[in-house]
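K.L.:
Quick one, what's the 3D model for this:
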Amino acid sequence: MSRVYLLVEGQTEEAFVNELMVPFYARIGLYLTPIIVSTSAGHKGGMISFAKTRPQIEKLCKQDEASYVTTLFDLYALPEDFPGKRSPVYPMSGNGRQKAKFLEEELALVVNLPNFIPNLLVHEFEALLFSKLEVFEQWTDDDRVLEPLILARKKNAPEDINDGPHTAPSKRILSAMSGYQKTFHGPLIACDIGLDAIRAECPHFDAWLHNLEGLVST
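P.N.:
Below is the predicted model of the structure:
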């Protein structure tokens, strides 16, 4: 049996973990607990600055040293004080997976605790939903609205869809489906897609889950 605390950015990720990942991994003895990052006293959700997030990571790691702590933060729109963001060797021209791996390594160096597993979503949670776009059809009255999403998916793998603040995965979905509600539709669609399909299309996400699965035997 292994316990893992997941520090997540918001309610969408919390629901995703609780509804899809928790029951799936409990069967193999991997017990996951999502915790929404605090931004200030009485407020949770989003990462305003790493300076406010670091103490939360370290506290979780130290309060239960027999467990593990990991993160479920979006690579997209990370705060500028995040470890490695201002590094002169940060791969600005690299793909999302290269950027995420670099920042995860920098984050591990800063936290420097043996039970910490850094992880970033490439580029954000909604990228995972591009793994199987036909699932969106049950939420639309006219499937033609999905055509821009389908076109984007044909050109790029889910984790490579991120052209900027107006064309990131979540922005594309909102543009196509004005009624899309991140905290409601996101986890439901992810559950309909399923972990296997998501992992098959999102190698960075898949590698993180392989890492977590390896904890069961340690």
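K.L.:
Just the buried positions in stretch 14-33, please.
P.N.:
Glu14, Ala15, Phe16, Val17, Leu20, Met21, Val22, Tyr25, Leu30, Leu32 (16 or more other Cβ atoms under 10 Å). In short, each C-beta sits where N, CA and C put it, glycine included.
K.L.:
helices or strands next to the lengthiest helix in the chain in the packing?
P.N.:
For the chain, the helix that runs over the most residues, judged by DSSP state H, is helix 96-111. Secondary-structure packing of helix 96-111 (3 or more Cβ pairs under 8 Å, 6 or more residues apart in numbering; DSSP states H and E): helix 50-63, strand 120-121, helix 203-213.
K.L.:
Give me whichever of those is most buried.
P.N.:
Mean neighbour count (mean count of other Cβ atoms under 10 Å) peaks for strand 120-121 among the helices and strands packed on helix 96-111, with a mean of 26.
K.L.:
Gly164 - how many residues pack around it?
P.N.:
8 (other Cβ atoms under 10 Å).
K.L.:
confidence score at it?
P.N.:
You'll see Gly164 listed with a pLDDT of 80.
K.L.:
just Ala41 next, same as before
P.N.:
59.
K.L.:
show me where pLDDT drops low in this protein?
P.N.:
Scanning the chain for pLDDT under 70 picks out 40-43, 217-218.
K.L.:
which residues in this structure form helices?
P.N.:
Under DSSP H, the chain gives helices at 11-16, 22-26, 50-63, 96-111, 125-129, 147-155, 169-176, 182-193, 195-201, 203-213.
K.L.:
quick one on the thing from earlier: and which of the buried residues of stretch 14-33 is nearest to Met47?
P.N.:
Among these, Glu14 lies closest to Met47 (Cβ to Cβ), at 14.0 Å.
K.L.:
From Asn211, how far out is the closest one?
P.N.:
The gap separating Glu14 from Asn211 is 20 Å, by Cβ to Cβ, to the nearest Å.
K.L.:
ok, Gln11 to Gln56 distance?
P.N.:
From Gln11 to Gln56 the distance is 17 Å (Cβ to Cβ).
K.L.:
and what of Ile28?
P.N.:
Applying Cβ to Cβ, the value for Ile28 to Gln56 is 27 Å.
K.L.:
re earlier: quick check: the two most widely separated of the buried residues of stretch 14-33?
P.N.:
Of all pairs in those, the most separated under Cβ to Cβ is Ala15 and Leu30 at 18.6 Å.
K.L.:
And for stretch 167-179, what's in contact with it?
P.N.:
Contacts with stretch 167-179, where a contact means Cβ atoms under 8 Å, 6 or more residues apart in numbering, come from 76, 123-127, 129-130, 136, 139-140, 145-149, 152, 158, 161-162, 165, 180, 182.
K.L.:
roughly how far out does that stretch sit from the chain middle?
P.N.:
In terms of Cα atoms, centre = their mean, to the nearest Å, the centre of stretch 167-179 is set 17 Å apart from its chain centre.
K.L.:
One more: stretch 151-171?
P.N.:
15 Å.
K.L.:
try stretch 8-28
P.N.:
Distance, centroid of stretch 8-28 to centroid of chain: 11 Å (Cα atoms, centre = their mean).
K.L.:
Could you do stretch 173-185 as well?
P.N.:
Stretch 173-185 sits 17 Å away from the centroid of its parent chain (Cα atoms, centre = their mean).
K.L.:
Fine by me, we can end here.
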